[in-house]
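Participant: only geometry, no sequence info:
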């Protein structure tokens, strides 16, 4: 076969073997060639991959924050707002899952129980570059607190990945309706048996020209009244600092002692803003008022934790945890009359110190044959004192407002025990069966007469989750759980705010916990999941916006809804349309019905179908370039007794990744100026009352972010610890 070749060379190439070159002999018909394997020792191997934005797991939906450049330069609150089904309400500082109501928020393994304003400030100070993922857990395992009918949103923080020091630095600058700046530094250092870690975050956010409009229309004693209030916030300033330090010390081959402390301080100012109101009777103007509203909110928080973990062998583990949290929340506001009301001034302030102690013991035991038993006990002891005052100056004299000047002392005790069995029942069937018992006591002592509250509950919260594998790609899941939503302390024991002398929000010391039961059936095929769930809730907590007709006051206060039924159908899918185009989408259809009778002249009912769609597309353009676009649409939905509408939005992002993990990201946030826009309406024709309004806290933004790691890339990450103190703080 080589008879016509002269001066030719044969080259043999095989993967994993050395190349062979041999001259061609035209007289030889067959060659026997021996190749030698390549023997090479690599000093280091780096494997890099790209995560999907959304991952479906057995009990949760995971949103990988690092998978899309559109989230770079965001803070944690903005990231949450873009998670599937999550609604962030800036007016009342609430975070909810669609129509399911407010959720329990976890950062790491700590449930947040701080005042809503404190949580918002902390999330605004937390850069997206410090977040690994957002987990949405609709039916949490029994080891978690039973609070939260809607489920749990867990923010998973990034940790550095043995001796040496490793860290990363992220810097963000941007502009929307004011300048933005975020800085974050994380460090992890391991030497011998001790691991030290810490972080520092700074956030600066100036925002101008947000607004909220409120209207009320009602009939009283033959007269039709109409009233409008336009609250235009000229400029908001927020600055916050937060930092933490922690350690893990190996006391022995099976014992680790850990501890940590964190401090944070935030201060928000609302510069002089107009609150303009007009009143009409039978269509004729009666009064027109203009007030200037100013406010200051600050919070200082300190947390400490001590944690002992002991490996018992054969997969067993014992964890003992003690936490302390101290929080001080201060609010000051003033309302000053203009024009004909010149000289009229309302001043208000509220100071609230909080102390929380939490202790817990958790035990995990491997029983063999795919079975694992978890048991634990926990105690949480909270003491809060809230002092609020309102003064009115009608000229030369100041008068104390008896309605809002009060002192509230809250004492809460939660004692809990749980048992959970996770088992591989057969080759195809596996699941979890759990039971949690909680003793809950709440005592409110107030300076107002006849408003003291003393409540006690003993409740069981079961959980059953079964998974059956039809094949390697398909799983069917059936689950049931019962949960409770306890009223946030500030809904029961503090004044919120006033917009003008006839329109204000206040607390309700008679609020009851809400209980819910959920059954869910899901079919998962590869990266797609179709689920059908039904939730029955009693005493749902919501904000009622109604009118006190005899006093001609519009009042906003938290209340309980007798009953709510929610039927949800949802389809989520992740797919790679091409080698460079990944697409994630979620479609949802919900039927929601509410019913309420207590405290109303007749039974209130309402029901509604809601459709929602959310998508994210990521494009890999080669050479480290990544682009993305995401958006959401949702039709009208029910929240309590209100019909609300959140406007659709879009976000854009572009990212360039360099060697050794450095990246530069450009994000365009909310170019449609609709992300923070919300319409709402409450109609009660049998009472002759209608209240409605809309707000816009949207802010188109352009942000540029630099993230760079430094130090030894091989540093062992800090231990994943579960601590307990913070699982009481969200309700403050």
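Facilitator: Noted; the coordinates are in hand. Since the structure is predicted, the reported quantities are computational estimates derived from the model, not experimental observations.

Participant: so where is the stretch 301-450 of the chain shaky, pLDDT-wise?
Facilitator: Flagging of the stretch 301-450 of the chain using pLDDT under 70 yields the residue ranges 340-343, 394-404.

Participant: quick one: the strands in it, in order.
Facilitator: 316-337, 345-368, 371-393, 398-400, 406-424, 429-446 (DSSP state E, counting those that start in this stretch).

Participant: can you name every helix or strand that the third one contacts?
Facilitator: Other elements packing on strand 371-393 under the criterion 3 or more C-beta pairs under 8 Å, 6 or more residues apart in numbering; DSSP states H and E are strand 345-368, strand 398-400, strand 406-424, helix 489-493. All C-beta atoms are positioned from the backbone trio N, CA, C, and that covers glycine.

Participant: Throw these into TSV and include distance to residue 217 and mean neighbour count, thanks.
Facilitator: Below are those laid out as TSV (distance: least, C-beta to C-beta, whole Å; neighbours: other C-beta atoms under 10 Å):
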stretch	distance to residue 217	mean neighbour count
strand 345-368	25	18
strand 398-400	31	11
strand 406-424	31	18
helix 489-493	27	25
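
Participant: hang on, the earlier thing: now the strands of the stretch 301-450 of the chain as CSV including distance to residue 593?
Facilitator: Rendered in CSV, the data for these read as follows (distance: least, C-beta to C-beta, whole Å):
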stretch, distance to residue 593
strand 316-337, 37
strand 345-368, 37
strand 371-393, 34
strand 398-400, 44
strand 406-424, 31
strand 429-446, 28
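
Participant: out of these, flag the one nearest residue 500.
Facilitator: strand 316-337 (6.9 Å; C-beta to C-beta).

Participant: what are the phi and psi values at the closest residue to residue 503 other than its chain neighbours?
Facilitator: Distances taken as C-beta to C-beta, 6 or more residues apart in numbering put residue 554 closest to residue 503, at 4.4 Å, once the chain neighbours are dropped. Phi and psi for residue 554, reported as degrees, to the nearest 10, are phi -100, psi 120.

Participant: reformat the helices and strands packed on strand 371-393 as JSON lines; add distance to residue 66.
Facilitator: Compiled in JSON lines, those are given as follows (distance: least, C-beta to C-beta, whole Å):
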{"stretch": "strand 345-368", "distance to residue 66": "30"}
{"stretch": "strand 398-400", "distance to residue 66": "53"}
{"stretch": "strand 406-424", "distance to residue 66": "29"}
{"stretch": "helix 489-493", "distance to residue 66": "34"}
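
Participant: coming back round to it: residue contacts, the residue nearest to residue 503?
Facilitator: 214, 216, 227, 229, 502-504, 545-548, 691 (C-beta atoms under 8 Å, 6 or more residues apart in numbering).

Participant: what's the pLDDT at it?
Facilitator: We have a pLDDT of 87 for residue 554.

Participant: quick check: bridge partners of it?
Facilitator: Assessed by DSSP bridges, residue 554 has beta-bridge partners residue 503, residue 547.

Participant: so where's the stretch 151-300 of the chain uncertain?
Facilitator: Ranges of the stretch 151-300 of the chain meeting pLDDT under 70: 159-163.

Participant: and the strands in it?
Facilitator: 152-157, 164-175, 179-191, 194-220, 223-252, 255-281, 284-313.

Participant: now the stretch 451-600 of the chain
Facilitator: Using DSSP E, counting those that start in this stretch, the strands of the stretch 451-600 of the chain run over residues 453-469, 474-485, 497-500, 503-505, 514-525, 528-548, 553-576, 581-596.

Participant: what average pLDDT does the second one get?
Facilitator: Computed over strand 474-485, the mean pLDDT rounds to 91.

Participant: what's the end-to-end length of stretch 628-643?
Facilitator: End-to-end span of stretch 628-643 (C-alpha to C-alpha, to the nearest Å): 32 Å.

Participant: you'd agree residue 240 is up against residue 265?
Facilitator: Yes - with contacts counted by C-beta atoms under 8 Å, residue 240 reaches residue 265, the gap being 6.8 Å.

Participant: mark which of the contacts of residue 554 are buried, thanks.
Facilitator: By neighbour count, with 16 or more other C-beta atoms under 10 Å, these hold 214, 216, 227, 229, 502-504, 545-547, 691 as buried.

Participant: closest one to residue 627 out of those, please.
Facilitator: For these, the nearest to residue 627 is residue 214 (40.6 Å; C-beta to C-beta).

Participant: just to check, residue 647 is in contact with residue 694?
Facilitator: No - counting by C-beta under 8 Å, residue 647 does not reach residue 694; the two are 9.6 Å apart.

Participant: joint contacts of the two?
Facilitator: By C-beta under 8 Å, 6+ apart, the residues touching both residue 647 and residue 694 are 677-679.

Participant: quick one: which of the residues you listed has the most company?
Facilitator: Ranked by neighbour count (other C-beta atoms under 10 Å), the shared contacts of residue 647 and residue 694 have residue 678 at the top, with 22 neighbours.

Participant: beta-bridge partners for it, please?
Facilitator: residue 646, residue 695.

Participant: pretty sure it is touching residue 695, no?
Facilitator: Yes - at 5.4 Å, residue 678 counts as touching residue 695 under the criterion of C-beta under 8 Å.

Participant: let's have the strands of the stretch 451-600 of the chain in TSV, adding distance to residue 275.
Facilitator: Below are the strands of the stretch 451-600 of the chain laid out as TSV (distance: least, C-beta to C-beta, whole Å):
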stretch	distance to residue 275
strand 453-469	32
strand 474-485	32
strand 497-500	5
strand 503-505	9
strand 514-525	32
strand 528-548	17
strand 553-576	13
strand 581-596	30
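
Participant: which one, of the ones you listed, ends up nearest to residue 126?
Facilitator: strand 581-596 (23.4 Å).

Participant: packing partners of that closest one?
Facilitator: strand 553-576, strand 604-622, strand 637-639.

Participant: no further questions, thank you.
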